[in-house]
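J.: Here is a sequence together with a model predicted from it:
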Amino acid sequence: MLTYDKMFYETNKFSEHFSLFKQISAEKLQGFGEFVSICDVCLLSWLFSCCCWIFFKLFSRISKECLATKANIQRSNVCLRIIKSLGMFLVIEGSLVYKCVYCRVQMNKYSCTRVNVQLYISLSFVFLSQDLLDHSCTSGSGSGLPFLVQRTVARQIALSECVGKGRYGEVWRGQWQGESVAVKIFSSRDEKSWFRETEIYNTVLLRHENILGFIASDMTSRSSSTQLWLITHFHEMGSLYDYLQLHMLDASACLRMALSIASGLAHLHVEIFGTQGKPAIAHRDLKSKNILVNKNGQCCIADLGLAVMHFQDTNELDVGNNPKVGTKRYMAPEVLDDSIQTDCFESYKRVDIWAFGLVLWEISRRTVSNGIVEDYKTPFHDVVPSDPSFEDMKKVICIDQQRPNIPNRWFSDPTLTSIVKLMKECWYQNPSARLTALRIKKTLTKIDNSLDKIKADI
């Protein structure tokens, strides 16, 4: 028989052990900072279900039974209860270790981004370009390394009109500090795209006149719902897709657009080393709707939500955490037939080149030669539905190996003839045979210089 005093001693001893366990666990969890809210009992994160009540319900029951059977408790029953309690203690300890490891893994998934985790908890933080704070922002993209500002840009922006809608959400025109800005409001299902775009803009130096200029990324609460905002420069001419439907081009304007897109793509694809450098980036969703037109007729590439980054020094390929693979109409053959080497960064760049060739075709259709111009159409408009399925595109591109139709009148114009040759070299079935963005840029520059020379001679 175990006396009451002995049982009380054993119970207190177990309680002391649990208190010591809490103290040790608290020390282990110090590194998590404000990312977790700690339970006062077991120190588990509030993000996870707490099992403390299980232990204390059992502990309380043991104590009550001990008091009720002060003189008659048998040693075997006491041992059984102690073993059960110790077992529960081990379960709690194991659960804590598992959840700590899980939490650490989740944090590590986003460790490459400079986005402070508090951005997702507090709406008082925002990523803002150093250029904007210095009031010296250029027409180019991105920023220096951004930092957290103790105020919310979203609260300072007055939305004026919705200028576009899509699967991702909406784009609004807004006013901030007396200037027009574009506010891309992501739907909740596209949170990963918002996070990825924020991540890329805030972890690389992405300043270039042919990449959409970044201002800030913010999370705000409006109309009793949380909204994910990406704030960029505003281009009133809209997307290339919209622009081409309303405007015809001459050879000079055609080259200006094509060269500006190629320049932006070449900047994305190249890795720049040094403190003012950037990793190589592949867009993965290049299309006319993701390219904007500025006032001088040049273009800038937008929407980096599916982009891939490559760091040559460590050979690290960062594909992000977004399962989407782009727009079906613009998918390359190797994406459609699933033969793409997903562990090779060059593969993603070659996918961009395929899509660039299709955009080049869209621009060329709206370029006047001999007084003739075609209506705007999307690539493969004549062989697939307006919203083609994956299988539709696979049959046309991979099985039938069709390419967009080239009108005969293009070959009567020297500029369009050169561009036709270029776009065909972007459409090789073999990805490794396609041109690089840098080669395309150099070729278009050469064509542009030739056109300038012809104009000068005239």
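T.: Now that the structure is in, tell me what you want to look at. Residues are numbered from 1 along each chain as shown.
J.: who are the neighbours in contact with the nearest residue to residue 392 once chain neighbours are set aside?
T.: Counting by CB to CB, 6 or more residues apart in numbering, residue 384 is the residue found nearest to residue 392 once chain neighbours are left out, at 4.7 Å. C-beta coordinates here come from the backbone N, C-alpha and C atoms, glycine included. With contact taken as CB atoms under 8 Å, 6 or more residues apart in numbering, residue 384 is in contact with 329, 392, 393, 396.
J.: and if you look at residue 243?
T.: Residue 243 neighbours (CB under 8 Å, 6+ apart): 237, 293.
J.: Quick one: classify it as helix, strand or coil.
T.: At residue 243 the chain is in helix, as set by DSSP: H, G, I helix; E, B strand; the rest coil.
J.: Residue 335 now?
T.: Once three-state DSSP is applied, residue 335 turns out helix.
J.: Kindly provide the distance from it to residue 455.
T.: 40 Å (CB to CB, to the nearest Å).
J.: Looking at the two, which has the bigger crowd around it?
T.: Legend: neighbour count by other CB atoms under 10 Å for residue 335 and residue 455, higher for residue 335 (26 against 10).
J.: any idea how far residue 211 is from the more buried one?
T.: 23 Å.
J.: Please apply the same query to residue 244.
T.: With CB to CB as the criterion, residue 244 and residue 211 are 20 Å apart.
J.: got a pLDDT number for the residue nearest to residue 392?
T.: If you check residue 384, the pLDDT there is 98.
J.: so it is in which element?
T.: Using DSSP states H and E, residue 384 maps to neither a helix nor a strand.
J.: just so I have it, where are all the strands in the chain?
T.: 126-128, 147-149, 158-166, 169-176, 179-186, 214-222, 225-233, 280-282, 291-293, 299-301, 308-311, 316-318 (DSSP state E).
J.: out of those strands, nearest to residue 439?
T.: strand 280-282 (15.7 Å; CB to CB).
J.: which helices and strands does that closest one pack with?
T.: helix 251-269, strand 308-311, helix 345-365 (3 or more CB pairs under 8 Å, 6 or more residues apart in numbering; DSSP states H and E).
J.: could you redo the last one with a cut-off of 6 Å?
T.: strand 308-311, helix 345-365 (3 or more CB pairs under 6 Å, 6 or more residues apart in numbering; DSSP states H and E).
J.: If you drop the residues flanking it in sequence, what lies closest to residue 312?
T.: residue 271 (5.3 Å).
J.: quick one: pLDDT of that neighbour?
T.: Residue 271 is given a pLDDT of 92.
J.: Test my guess that it contacts residue 280.
T.: Yes: between residue 271 and residue 280 a contact is recorded at 4.0 Å, counting by CB atoms under 6 Å.
J.: Which of these two has more residues huddled nearby?
T.: Higher neighbour count among residue 271 and residue 280: residue 280, with 20 against 16, using other CB under 10 Å.
J.: still on that earlier bit, CSV please, covering the strands of the chain and showing distance to residue 354 and mean pLDDT.
T.: Compiled in CSV, the strands of the chain are given as follows (distance: least, CB to CB, whole Å; pLDDT from 0 to 100):
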stretch, distance to residue 354, mean pLDDT
strand 126-128, 32, 48
strand 147-149, 38, 44
strand 158-166, 22, 88
strand 169-176, 26, 92
strand 179-186, 26, 93
strand 214-222, 26, 83
strand 225-233, 26, 88
strand 280-282, 12, 96
strand 291-293, 15, 98
strand 299-301, 15, 98
strand 308-311, 15, 93
strand 316-318, 19, 93
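J.: do you know which of those strands lies nearest residue 85?
T.: So among the strands of the chain, strand 225-233 is nearest, using CB to CB, at 42.7 Å.
J.: which helices and strands sit right next to the closest one?
T.: Using 3+ CB pairs under 6 Å, 6+ apart: strand 225-233 touches strand 179-186, strand 214-222.
J.: looking at those strands, which is closest to residue 365?
T.: When the helices and strands packed on strand 225-233 are compared (using CB to CB), the closest one is strand 179-186, at 26.8 Å.
J.: Check which residues of that closest one are buried.
T.: 181, 182, 183, 184, 185, 186 (16 or more other CB atoms under 10 Å).
J.: want to throw these into CSV with distance to residue 451?
T.: Shown next, in CSV, are the buried residues of strand 179-186 (distance: CB to CB, whole Å):
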residue, distance to residue 451
181, 35
182, 32
183, 38
184, 35
185, 41
186, 41
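J.: so which of these would you say is closest to residue 411?
T.: residue 182 (39.0 Å).
J.: mind checking how far residue 354 is from residue 327?
T.: 12 Å.
J.: returning to that earlier point: redo the strands of the chain as a markdown table? Include distance to residue 361.
T.: A markdown table is the format used below for those (distance: least, CB to CB, whole Å):
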| stretch | distance to residue 361 |
| --- | --- |
| strand 126-128 | 37 |
| strand 147-149 | 42 |
| strand 158-166 | 22 |
| strand 169-176 | 25 |
| strand 179-186 | 27 |
| strand 214-222 | 29 |
| strand 225-233 | 27 |
| strand 280-282 | 21 |
| strand 291-293 | 14 |
| strand 299-301 | 15 |
| strand 308-311 | 24 |
| strand 316-318 | 30 |
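J.: among these, which is nearest residue 441?
T.: strand 299-301 (13.1 Å).
J.: same for that closest one, what does it pack against?
T.: Against strand 299-301 (3+ CB pairs under 6 Å, 6+ apart) you get helix 251-269, strand 291-293.
J.: List the residues that contact residue 347.
T.: 340, 341 (CB atoms under 6 Å, 6 or more residues apart in numbering).
J.: If we use 10 Å, what do you get?
T.: When contacts are counted by CB atoms under 10 Å, 6 or more residues apart in numbering, residue 347 is found next to 282, 308, 332, 334, 335, 339, 340, 341, 431, 432.
J.: any idea of the pLDDT on it?
T.: Predicted confidence (pLDDT) for residue 347: 97.
J.: could we number from 699 for the rest of this?
T.: Yep, numbering from 699; the last one is residue 1045 now.
J.: Out of the contacts of residue 1082, which is nearest to residue 917?
T.: Taking those together and measuring to residue 917 by CB to CB, the closest member is residue 1027, at 31.8 Å.
J.: distance of the closest one from residue 986?
T.: To residue 986, residue 1027 is 10 Å away according to CB to CB.
J.: what residues are shared contacts of these two?
T.: 1053, 1056, 1076, 1077.
J.: Which single one of the contacts of residue 1082 is nearest to residue 784?
T.: residue 1091 (61.3 Å).
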